[in-house]
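J.: What follows is a predicted protein model with its sequence.
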Amino acid sequence: QKEVEQNSGPLSVPEGAIASLNCTYSDRVSQSFFWYRQYSGKSPELIMSIYSNGDKEDGRFTAQLNKASQYVSLLIRDSQPSDSATYLCASLGPGNTGKLIFGQGTTLQVKP
Amino acid sequence: GAVVSQHPSRVICKSGTSVKIECRSLDFQATTMFWYRQFPKQSLMLMATSNEGSKATYEQGVEKDKFLINHASLTLSTLTVTSAHPEDSSFYICSARVAGGNNEQFFGPGTRLTVL
């Protein structure tokens, strides 16, 4: 069973701080990883995708991938209360089905 | 770009009726669409994978005769919940994979189904 693991949280950070969200995966051959944000009662929204080792930055968000250690992380700089949501980490499943394997999500609370 | 719509956004129906949910990719072609269900405070649960022009592939434990999926074109997939019962009340969300893309999936806004 291929798995993606996240700490469910909640992770609480003060406004303006850096929020660090982490994710590990079990399938060593996974090549593609995604971070989604899901507000309560809403559907997931794609924030970042990352395919290569290293960092990928987009605005206040930085995704980090370390394939040797099998972890993916998402850093949110200058956290805002509007960033409060559940963050889902996903890896692309095996084969060519396109299915994503989701972690259970980490709830982030940014306190003003 | 990469916008996915769902209709209806909310539906309330009586037990025993059937409900159809549409999922459309508005500005891209999607050879593959996915249907998820999410109960309150729980994770997304993949129900089925829908490929244009072929039969859907259902996840283990999902009744294909109860959740009928049709992927008639590269921009439209439908999910029909047949003979709905209160336990089918949930948040149904579709996603679409961009044809020829990097396997990114874009989600529709979801359909909240309440079966009385």
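T.: Structure's in. What do you need? Numbering: from 1, shown residues only, chains lettered A, B, ... in the order given.

J.: going forward, measure contacts and count neighbours with C-alpha atoms only.
T.: OK.

J.: was I right about residue A:66 contacting residue A:54?
T.: Yes - the criterion here is Cα atoms under 8 Å, and residue A:66 meets it with residue A:54 at 6.6 Å.

J.: Apart from its neighbours in sequence, what residue is nearest residue A:53?
T.: Among residues not flanking residue A:53 along the chain, residue A:65 sits closest, at 4.9 Å (Cα to Cα, 6 or more residues apart in numbering or on different chains).

J.: for chain B, which spans come out with low pLDDT?
T.: Applying pLDDT under 70 to chain B flags residues B:1.

J.: Show me which residues of it are close to chain A?
T.: Within reach of chain A by Cα under 8 Å from any Cα of the partner chain, chain B has these residues: B:32, B:34, B:42-44, B:49, B:93, B:97, B:103-110.

J.: try 10 Å
T.: B:32-34, B:38, B:40-46, B:48-51, B:57, B:91-97, B:102-112 (Cα under 10 Å from any Cα of the partner chain).

J.: For PyMOL, write a command that selects the buried ones of the residues you listed.
T.: Per 16 or more other Cα atoms under 10 Å in any protein chain shown, the buried members of these correspond to this PyMOL selection:
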select buried, chain B and resi 32+33+34+38+44+45+46+48+49+50+51+57+91+92+93+94+95+96+97+103+104+105+106+107+108+109+110+111+112
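
J.: Keep only those of the residues of chain B next to chain A that are in strands.
T.: Here DSSP state E is the test, and the residues of chain B next to chain A give B:32-34, B:38, B:45-46, B:48-51, B:57, B:91-97, B:105-107, B:111-112 as lying in strands.

J.: Surely the residue nearest to residue A:53 touches residue A:74?
T.: Yes - look at residue A:65 against residue A:74 with Cα atoms under 10 Å: they come within range, at 9.1 Å.

J.: Now do the contacts for the nearest residue to residue A:66 once chain neighbours are set aside.
T.: Nearest residue to residue A:66 in three dimensions, chain neighbours excluded: residue A:53, at 5.4 Å (Cα to Cα, 6+ apart). By Cα atoms under 10 Å, 6 or more residues apart in numbering or on different chains, the contact list for residue A:53 reads A:31, A:63, A:64, A:65, A:66, A:67, A:68, A:72.

J.: Tell me how far residue A:53 lies from residue A:71.
T.: Separation of residue A:53 from residue A:71 (Cα to Cα, to the nearest Å): 10 Å.

J.: got it, and residue B:70?
T.: For residue B:70, the distance to residue A:71 - Cα to Cα - is 36 Å.

J.: before we move on, the earlier item: name the member of the contacts of residue A:53 with the most neighbours.
T.: Neighbour counts for the contacts of residue A:53, by other Cα atoms under 10 Å in any protein chain shown, peak at residue A:72, which reaches 27 neighbours.

J.: so how far is chain A from the residue nearest to residue B:73 when sequence neighbours are not counted?
T.: Counting by Cα to Cα, 6+ apart, residue B:73 lies nearest to residue B:52, which is 5.9 Å off, once chain neighbours are set aside. The gap separating residue B:52 from chain A is 13 Å, by Cα to the nearest Cα, to the nearest Å.

J.: I'd like to know how many residues surround residue B:52.
T.: For residue B:52, the neighbour count with other Cα under 10 Å is 18.
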